[in-house]
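Q: could you look at this predicted model? Sequence included:
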Amino acid sequence: MDILNAVIQGIIQGLTEFLPVSSSGHLAITQHITGMQEDNLFFSVMLHIGTLAAVVAVYIKLILKLLKAFGLMIKDIFTGKFKWSKMDKERNMVMMVIIGLLPLFLLFLPIPGTDMKIKDLADMFSKSGYFMVVGISLMITSVLLLLGDIKNKHTTRLYREKGMLKKGGAGRKKYNVLDAVTVGITQCCAAILPGVSRSGSTLVASELRGINKQAALDYSFILGTPAIVAAALLEGKDALFPEDGKAVTVEFVPVIIGMIVAAVVGFFAIKLFKWLLKTDRMYVFIIYTAIVGIAVFIISLIELSGGVNIFTNQPLVF
């Protein structure tokens, strides 16, 4: 892998991992157009670590508060002092993040009649024969973002009419169990559909539950952090200990450069997302995902009629 390729992939990873446009969807599109499948699993893991660094850099203060709250909460549980009704906002977020992560275990359930698990659907839908799924998923992302934007405006109007609108914006800032479960299930659905944005769909799930949009975005990114860590660990295991037993060849300079680029771009992508949400400019992502989704859908119809990938002229793979 050359340095230019590492930089390009780092930029794509940093942007699409956090902006509500779906990193998996864009990866599927890139692979479909070029005909090249990602074969450097170790590099993919390092890019995930780069984007993880971006989240930590943006949310370091909140993460430290949550880690401290988690430690004190564990202590109170073992000493019998813990009371659910007495949780402060940090302990509440810790508990809601834990609950929000539980639905991810559903991804490891087997699909009856097959040797696949639910999580394997993501790889299947990324194949060229299922390119239409990517287009439909991107259009779903656009609709979800539109619904979230409409809900936000409605909530803001209600708060303004009741004289409850404050500087922090409209909506609840504290999650309950149903909120967390709803967002967690939404995250699972996004994980198996390349084109449904994880950050966008979980944000909208919170907004539709009446959560303040900035609080919803913070929760979405904090909730996604353990998922990024888990993905890096699982992919890292496969990369360092492949089933075929072959030694891993690592080109350190491109890997390090790719990580740094992913981290820097990811940092500014999060900042950009927060600003666009705060200033009610989510229409940028609504329009973008709709256009790309429709384009992919039309291309897939043409390809299915001919049975070949129009970019590579290779037979579609199912």
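A: Here it is on my side, so go on.
Q: contact partners for Arg281?
A: Going by Cβ atoms under 8 Å, 6 or more residues apart in numbering, Arg281 touches Trp275. Placement of C-beta: from N, CA and C, glycine included.
Q: for it, give me phi and psi.
A: Per-residue torsions, Arg281: phi -120, psi 30 (degrees, to the nearest 10).
Q: and the gap between it and Phe70?
A: Distance, Arg281 to Phe70, using Cβ to Cβ, to the nearest Å: 34 Å.
Q: look up how far Phe221 lies from Asn57.
A: Just so we're on the same page, residue 57 is Ala rather than Asn. Distance from Ala57 to Phe221, by Cβ to Cβ: 12 Å.
Q: so which helix or strand takes in Asp115?
A: Following DSSP states H and E, one finds Asp115 outside all helices and strands.
Q: for it, give me the pLDDT.
A: pLDDT, Asp115: 91.
Q: okay, Ala57 and Phe221: which has more neighbours?
A: Neighbour tally, Ala57 and Phe221, criterion other Cβ atoms under 10 Å: the higher count belongs to Phe221, 22 against 14.
Q: so that one sits against Phe267, correct?
A: No. In this structure, Phe221 is not within contact of Phe267 by Cβ atoms under 8 Å, at 11.8 Å.
Q: could you tell me which residues touch both of these two?
A: Val58.
Q: helix/strand/coil for the residue nearest to Ile12 when sequence neighbours are not counted?
A: Among residues not flanking Ile12 along the chain, His26 sits closest, at 6.5 Å (Cβ to Cβ, 6 or more residues apart in numbering). What DSSP: H, G, I helix; E, B strand; the rest coil gives for His26 is helix.
Q: do Asp280 as well
A: Criterion first, three-state DSSP; result for Asp280: coil.
Q: residues near it, how many?
A: 12.
Q: where in the stretch 151-300 of the chain is pLDDT low?
A: For the stretch 151-300 of the chain, residues meeting the criterion pLDDT under 70 lie at 235-236, 238-250.
Q: so for this structure, the centremost residue is which one?
A: Arg198 (3.2 Å; Cα atoms, centre = their mean).
Q: is it true that that one touches Phe221?
A: No. The criterion here is Cβ under 8 Å, and Arg198 misses it with Phe221 at 10.1 Å.
Q: run through the helices of this structure in chain order.
A: Assigned by DSSP state H, the chain shows helices spanning 3-18, 23-34, 41-79, 89-101, 121-125, 131-161, 177-192, 198-208, 213-240, 252-278, 283-306.
Q: now for those helices, which one comes closest to Leu109?
A: helix 177-192 (10.3 Å; Cβ to Cβ).
Q: chain center to the closest one, what's the gap?
A: 11 Å (Cα atoms, centre = their mean, to the nearest Å).
Q: which elements pack onto that helix?
A: Where contact means 3 or more Cβ pairs under 8 Å, 6 or more residues apart in numbering; DSSP states H and E, helix 177-192 is packed against helix 89-101, helix 121-125, helix 198-208, helix 213-240.
Q: which of these sits most buried?
A: Greatest average neighbour count among the helices and strands packed on helix 177-192 goes to helix 198-208 (a mean of 26), per mean count of other Cβ atoms under 10 Å.
Q: any residues touching it, and which ones?
A: 18-22, 141, 144-145, 147-148, 151-152, 155, 171, 175, 179, 182-183, 186-187, 189-191, 213, 215-217, 219-221, 223-224, 227, 273, 277, 285.
Q: of those residues, just the buried ones, PyMOL syntax please.
A: Only the buried members of the contacts of helix 198-208 end up in this PyMOL selection, burial being decided by 16 or more other Cβ atoms under 10 Å:
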select buried, resi 18+19+20+21+22+141+144+145+148+151+152+155+171+175+179+182+183+186+187+189+190+191+213+215+216+217+219+220+221+223+224+273+277+285
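Q: can you redo the helices and strands packed on helix 177-192 as JSON lines with distance to Val317?
A: Shown next, in JSON lines, are the helices and strands packed on helix 177-192 (distance: least, Cβ to Cβ, whole Å):
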{"stretch": "helix 89-101", "distance to Val317": "33"}
{"stretch": "helix 121-125", "distance to Val317": "10"}
{"stretch": "helix 198-208", "distance to Val317": "25"}
{"stretch": "helix 213-240", "distance to Val317": "21"}
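Q: and of those, who's closest to Ser137?
A: Of all the helices and strands packed on helix 177-192, helix 121-125 comes closest under Cβ to Cβ, at 8.0 Å.
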